[in-house]
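1. structural data only, the sequence is not supplied:
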RNA sequence: GGCCCUGUAGCUCAAUGGACAGAGCACUGGUCUUCUAAACCAGCUAUGCGGGUUCGAUUCCCGCCGGGGCCGCCA
């Protein structure tokens, strides 16, 4: 990573100066290398002089941050002059209250275009994960209804976070946990019994007080009858409890298929669908309770059996066995977490909706009880989703389904819009903007940048210029371009090289939304380059070596756009056609 | 009552404790015999209030005010 190389230079300079006694005799601060907000300040900046001065003053020594900065900057300049590996640095300047700004050499930057192309699918990859096994659980909605726009948020956060963590060197398993038995599914069975009777023309006298209702369940009833009419007739004849459980389970299977289909359409990929029921069948749920008992975190009172989660910071202890002797869902949660750790995952990430915020304490406590660090179980919580601008009247019940969004704007735009926002803020999905088939739509704008590059390569191909003609050339020739052109060429390379930092940050902070921001910035840099650096444009007379170098740069930009779109889970189209994205028009 | 998220431009939102707070949309004014105008250029406006920590606070801490959400021997 380029930033690490810069940090290495600074670290070595500080160490050398300290060795010579030219810096205050205090513990040097951690080296922080950041991107200045303005490119006029350089490519990278460090605040080490200011931190050093503060540490010195705290130790009672006199220190002037700017003077320290000058000393360090001088030493960096000397090193850059003599160490060939550091020749990427063009200038070192001291500015403001004591920042040391480093500027990269234009020729070096331009030559990175070829590196981007050579890197291919590994472009932007970093290795901060070092192969750590991570279990990333998301959606995990039980099959009692179609996936909603709320579930979608977990889906896209989880899926894209998984992609970006893989790019950051983690060994990620994407997992969906579901329960197709128990009280909720029995309730579903009650509702489905009602809808099945309706579908068979038996009247509506079995309508339950509480349950799942809406047009969607009519379609489920129809499909059940189509596939298993005879079996369904048998099931309806069972005693109420058995009937509800059996019909609920049958309906749940259909609904689970619907959810999987919705996820697949939206390119949300899971490696594992984990059935809660398997924990019962395998005896893991019982074993988990026994394990808690063995570890001394079980208490019995009020006729129930409790797990002492308060020992690890939870608000209250949690029931694992009710007074009826029935295990709670939390008992399964314990078993499930134990199962994950036993499968070798070192870190568990659970993407949960805002209604689960009360679960954080008990889940982290569970990790603690099982002998792990509380941070080995990380809860990534997202806030609520609302949709502004959706036509009313066509909806199923009072929830908006993910399928409806998909039908309106397609997978690409849906994913982009969901990922534009930080998980911590509410998501107000702007359907009107998302539906626009123009560059006002930020998601399409990024794809358009990619397609636009494809158009240029098609044209180049028509003129007999092929990839093997421009991919190997030395783009440093562009350093001689007019200032206005060079500005945009360098800005484009700089933006490209930032991807690895974006990947690192998104993976470390578990914040996939940085990718969409980056995608817009990269597309913007690309568009500027496209406008001000013509290649094949009619009426222009571009020198052949410049033409090839710009084609290479454009190819690198396209690769970066494709890589970013892929991480977000979007397609990178070679052409944009209006009709293609209008899937909602009947 | 307790807990979680949140308050930034007209709207929706960004901003690893740094330098001059950025995008998109909207709005205003320009640019079309194009490398596809599905574009480009220019302009307009913001950190809820009060303290604190810091060389430096949109960011961290405390209080107040305002939004959204959650609190079960449900699953």
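-> That came through fine. Just so you know, these numbers come straight off a predicted model, no measurement behind them. Residues are numbered from 1 along each chain as shown, chains lettered A, B, ... in the order given.
2. any regions of chain A where pLDDT drops low?
-> Counting by pLDDT under 70, chain A has low-confidence residues at A:389-398, A:578-586.
3. the strands in chain A, which residues?
-> Secondary structure of chain A (DSSP state E): strands located at A:33-34, A:44-46, A:89-95, A:99-104, A:133-137, A:171-178, A:272-275, A:298-301, A:304-307, A:318-321, A:347-352, A:377-381, A:385-388, A:427-430.
4. buried residues in the third one?
-> Neighbour-count burial for strand A:89-95, with 16 or more other CB atoms under 10 Å as criterion, is recorded at A:89-90, A:92, A:94-95. No exception for glycine: its C-beta is placed from N, CA and C like everyone else's.
5. tell me which residue of chain A lies closest to RNA strand B.
-> Going by CB to the nearest atom of the strand, RNA strand B is nearest to residue A:439 of chain A, at 1.0 Å.
6. excluding chain neighbours, what is closest to that residue?
-> Of all residues not flanking residue A:439 in the chain, residue A:445 sits nearest, at 4.9 Å (CB to CB, 6 or more residues apart in numbering).
7. list the residues that contact the one you found.
-> Residue A:445 is in contact with A:439, A:520, A:523, counting by CB atoms under 8 Å, 6 or more residues apart in numbering.
8. 10 Å - rerun?
-> A:416, A:438-439, A:519-520, A:523-524, A:527 (CB atoms under 10 Å, 6 or more residues apart in numbering).
9. show the buried residues in those.
-> For these, a neighbour count by 16+ other CB under 10 Å gives the buried set as A:416, A:519-520, A:523-524, A:527.
10. which one is residue A:85 nearest to, not counting chain neighbours?
-> Nearest one to residue A:85, counting by CB to CB, 6+ apart, is residue A:5 at 7.8 Å.
11. okay, and the beta partners of the residue lying closest to residue A:328 once chain neighbours are set aside?
-> Of all residues not flanking residue A:328 in the chain, residue A:319 sits nearest, at 5.2 Å (CB to CB, 6+ apart). Note on residue A:319: beta-bridge partners by DSSP bridges are residue A:306.
12. burial measure for residue A:319, as a count.
-> 18 (other CB atoms under 10 Å).
13. can I get the contacts of residue A:445 in a markdown table including distance to residue A:426?
-> Shown next, in a markdown table, are those (distance: CB to CB, whole Å):
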| residue | distance to residue A:426 |
| --- | --- |
| A:416 | 18 |
| A:438 | 26 |
| A:439 | 26 |
| A:519 | 22 |
| A:520 | 21 |
| A:523 | 26 |
| A:524 | 26 |
| A:527 | 30 |
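14. return the distance of the nearest residue to residue A:534 once chain neighbours are set aside relative to residue A:156.
-> Nearest residue to residue A:534 in three dimensions, chain neighbours excluded: residue A:540, at 4.6 Å (CB to CB, 6+ apart). Per CB to CB, to the nearest Å, residue A:540 is found 42 Å from residue A:156.
15. and the residue of chain A closest to RNA strand B, what does it touch?
-> A:445, A:448-449, A:523, A:527, A:576.
16. repeat that for residue A:461.
-> residue A:467.
17. burial count for residue A:170?
-> 24.
18. isn't it right next to residue A:129, touching?
-> Yes: counting by CB atoms under 10 Å, residue A:170 sits close enough to residue A:129 to count as a contact (3.2 Å).
19. who touches both of those two?
-> Both residue A:170 and residue A:129 are contacted by A:347, A:507, under the criterion CB under 10 Å, 6+ apart.
20. if we can go back for a sec, so which of the contacts of residue A:439 are in helices?
-> Secondary structure defined by DSSP state H assigns A:445, A:448-449, A:523, A:527 of these to helices.
21. which parts of the stretch 451-586 of chain A are helices?
-> Taking DSSP state H, counting those that start in this stretch as the test, the helices found in the stretch 451-586 of chain A are A:467-470, A:483-497, A:499-509, A:513-532, A:544-568, A:578-581.
22. dump those to CSV, plus distance to residue A:287.
-> What follows is the helices of the stretch 451-586 of chain A, written out as CSV (distance: least, CB to CB, whole Å):
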stretch, distance to residue A:287
helix A:467-470, 58
helix A:483-497, 51
helix A:499-509, 34
helix A:513-532, 40
helix A:544-568, 39
helix A:578-581, 51
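23. could you point out which of the ones you listed sits nearest residue A:364?
-> helix A:499-509 (18.5 Å; CB to CB).
24. the residue nearest to residue A:85 and residue A:371, how far apart?
-> Counting by CB to CB, the gap from residue A:5 to residue A:371 is 40 Å.
25. of these two, give the one with the bigger neighbour count.
-> Comparing residue A:5 with residue A:371 by neighbour count (other CB under 10 Å), the higher total belongs to residue A:5, at 14 against 10.
26. relative to residue A:44, how far out is that one?
-> Distance from residue A:5 to residue A:44, by CB to CB: 10 Å.
27. wait, what's in contact with residue A:322?
-> Applying CB under 10 Å, 6+ apart, the residues near residue A:322 are A:303-305, A:328, A:331.
28. most neighbours out of the residues you listed, which is it?
-> Neighbours here mean other CB under 10 Å. Within those, the largest count is held by residue A:331, at 24 neighbours.
29. how about it, what does it touch?
-> Residue A:331 neighbours (CB under 10 Å, 6+ apart): A:279-280, A:285-286, A:288-289, A:292, A:305, A:307, A:318-322.
30. from those, which single one is nearest residue A:174?
-> residue A:279 (19.4 Å).
31. would you confirm that the residue nearest to residue A:85 contacts residue A:80?
-> No: using CB under 10 Å, residue A:5 makes no contact with residue A:80, being 11.5 Å away.
32. now do the shared contacts for the two.
-> Shared contacts of residue A:5 and residue A:80, defined by CB under 10 Å, 6+ apart, comprise A:86, A:88-89.
33. number of residues surrounding the residue nearest to residue A:146 when sequence neighbours are not counted?
-> Once flanking residues are discounted, residue A:146 sits nearest to residue A:401: 4.6 Å by CB to CB, 6+ apart. Neighbour count of residue A:401, defined by other CB under 10 Å: 21.
34. residue A:401 touches residue A:216, doesn't it?
-> Yes: Residue A:401 is within contact range of residue A:216, at 7.8 Å (criterion: CB under 10 Å).
35. hmm, back to that, return every residue with contacts to both of residue A:5 and residue A:44.
-> Shared contacts of residue A:5 and residue A:44, counting by CB under 10 Å, 6+ apart, come down to A:33, A:89.
36. what residues does residue A:314 make contact with?
-> Residue A:314 neighbours (CB under 10 Å, 6+ apart): A:307-308, A:358-366, A:368-369.
37. and it, how far from residue A:362?
-> Residue A:314 is 5 Å from residue A:362, by CB to CB.
38. which neighbours do these two have in common?
-> By the contact definition CB under 10 Å, 6+ apart, residue A:314 and residue A:362 are jointly contacted by residue A:307.
39. where does the stretch 1-150 of chain A come near RNA strand B, residue by residue?
-> Neighbours of RNA strand B within the stretch 1-150 of chain A, by CB under 7 Å from any atom of the strand: A:32-38, A:40-42, A:45, A:47, A:50-51, A:54, A:57, A:65, A:95-97, A:99, A:101, A:142.
40. which of those count as buried?
-> Looks like these have A:33, A:36, A:41-42, A:45, A:47, A:50-51, A:65, A:95, A:99, A:101, A:142 buried, using 16+ other CB under 10 Å.
41. so residue A:507 touches residue A:124, yeah?
-> No: Residue A:507 is beyond contact range of residue A:124, at 11.0 Å (criterion: CB under 10 Å).
42. touching both of those two, which residues are there?
-> With CB under 10 Å, 6+ apart, residue A:507 and residue A:124 have common neighbours A:164, A:167-168.
43. how about stretch A:123-136: buried residues?
-> When burial is assessed from 16+ other CB under 10 Å, stretch A:123-136 yields the following buried residues: A:123-126, A:129, A:133-136.
44. closest to residue A:177 among those residues?
-> residue A:135 (10.3 Å).
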